[in-house]
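Chemist: Here you go, sequence then predicted model.
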Amino acid sequence: MGVEVKVEGLTKSFGRQVIWEDVTLTLPKGEISVLLGPSGTGKSVFLKHLIGLLRPDRGHVYIEGHDVPNVSEKHLYEVRKMFGVLFQDGALFGSMTIYDNVAFPLREHTKKSESEVRKIAMEKLELTGLIGAEQKLPGEISGGMRKRAGLARALVLDPEILLFDEPDSGLDPVRTAYLNQLIVDLNAQIAATMLIVTHDINTARTVPDNIGLLYRRHLAMFGPREMLLSSQEPVVRQFLNARRQGPIGMAEEKDAAELEAEREDGDVMPSLPPIPPQIEPSNGVSRPTQRPAGDWLREHGVTPPPGSFSGEGSYANSTASTAPPATTERPRARVTESGRDNGEESSVRVLRGSPGTRRSSTSSKTTAAKKTPSPAAKKTGARGSSTGSSRRRNT
């Protein structure tokens, strides 16, 4: 079972370069969260702070009563046993077979017999679809298989927290879809707290329970998936639409002259794409941390983009008698060509579940932009920082 990870006021710089400052968020116990952000915003650096590989200039990371930046080396060693990490390239030992790579943590950190080690390692290899490849070397298998081997190794110590550093990096869209399904299935089985750093928008829109966005050395927003996917914050809308129009530039942020030129040229912020259904476990049984489609939106009186949760059980059907009035501040969105669901999303089952399986309040983990907060953020009393200008297995 996962544990809560609470981050308070985390600030990090390398020399005079500030990476980010005053990052505050809570990764809820047993839930899947995604961290987005333009390249170079320190997402991987953030993961290294969670496991104590880097120490912040100031701030705290609380895990089961331990403040990771301030514990002794002995206690930090114990805290790290709670983590499983999937690195971008798998980080496998090239001279070891896949089996030996997966068995390595058990041999290094436990006193289990070799028969016990083999039983556990083979279970994880089967879970990640690698039975038959266990005697191969990392250089003899595909990139997707190396990713899954790295995931199997991350699972052998039954971690309570799983970190994924760009798990889709170097994978084609089909393999990414399989890996996304595997992550969801794993969460359903082991209920670990998961944090995924990714640039893949489809992953961010369909996998997690929560989404965060790093931008301009701050955490622009963090909160339930539907809150981010319906946000009117310019930086969120631009990133989720993958458009040039908006505050994000090639050098992370645009200056005032660029933004003014966009306005003069008539460039407008793209409309938000429809919110897709969240991926369900393969067995069709919703995870305890999932909320019914549109639940957060109904709770906060937010009207989603047209076409959201399309299909049986869609938002429109489920709110026929209880739909909230449209928010006057929110302009009516339209579906753009880039905002249409792709074929992969359209085959996903619509989220089902009981609202009672999750706490009713989201304010404790919601971080919204201070400057021009969205209507949803205002209603949750969300805390945040300034935005300024603001993957079923492969074959």
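Modeler: Perfect, I can see it now. Numbers count the residues shown, from 1 in each chain.

Chemist: Show me where the protein has its strands.
Modeler: Along the chain, counting by DSSP state E, strands occupy 5-14, 17-27, 32-36, 58-63, 66-67, 83-86, 161-165, 193-197, 210-215, 218-224, 248-249, 252-253.

Chemist: Give me the mean pLDDT for the fourth one.
Modeler: This points to strand 58-63. Mean per-residue pLDDT for strand 58-63: 95.

Chemist: Repeat that for the fifth one.
Modeler: Mean pLDDT, computed over strand 66-67, is 92.

Chemist: try stretch 25-40
Modeler: Across stretch 25-40, pLDDT averages out at 91.

Chemist: What's the end-to-end length of it?
Modeler: 20 Å (C-alpha to C-alpha, to the nearest Å).

Chemist: cool, and stretch 71-91?
Modeler: Terminal residues of stretch 71-91 lie 27 Å apart, using C-alpha to C-alpha.

Chemist: Outside of it itself, list whatever touches it.
Modeler: If you take C-beta atoms under 8 Å, 6 or more residues apart in numbering as the criterion, stretch 71-91 is touched by 3, 44, 47, 50-52, 63-64, 66, 68, 109, 138, 146-147, 149-151, 154-155, 157, 159-167, 169-170, 192. Heads up, the C-betas are built off the backbone N, CA and C, glycines and all.

Chemist: filter those to the buried ones?
Modeler: When the contacts of stretch 71-91 are checked for burial by 16 or more other C-beta atoms under 10 Å, the buried set is 3, 47, 50-52, 63, 66, 68, 138, 146-147, 149-151, 154-155, 157, 159-167, 169-170, 192.

Chemist: what about the helices in the stretch 1-150 of the chain?
Modeler: All helices of the stretch 1-150 of the chain, identified by DSSP state H, counting those that start in this stretch, fall at 43-50, 73-80, 98-109, 114-127, 143-155.

Chemist: What angle do helix 98-109 and the fourth one make with each other?
Modeler: Per axes from the mean of the first three to the mean of the last three C-alpha atoms, to 10 degrees, the angle that helix 114-127 makes with helix 98-109 is 130 degrees.

Chemist: Who are the packing partners of helix 114-127?
Modeler: Applying 3 or more C-beta pairs under 8 Å, 6 or more residues apart in numbering; DSSP states H and E, we find helix 114-127 packed against helix 98-109, helix 143-155.

Chemist: ok, and what's touching the shortest one?
Modeler: Residues outside helix 98-109 that contact it (C-beta under 8 Å, 6+ apart): 81, 92-93, 96, 112, 116-118, 120-122, 124-125, 130, 133-138, 141, 145, 149, 152-153, 156-157.

Chemist: One more: stretch 11-25?
Modeler: If you take C-beta under 8 Å, 6+ apart as the criterion, stretch 11-25 is touched by 7-10, 41-42, 45-46, 49, 54, 56-59, 212, 214, 217-219, 222, 365, 367, 383, 385.

Chemist: cool, and stretch 110-117?
Modeler: For stretch 110-117, contacts defined as C-beta under 8 Å, 6+ apart pick out 103, 106-107, 120, 157.

Chemist: if we can go back for a sec, mind checking the strands of the chain for the one nearest to Gly284?
Modeler: Each of the strands of the chain was scored for nearness to Gly284 using C-beta to C-beta, and the closest is strand 32-36 (17.6 Å).
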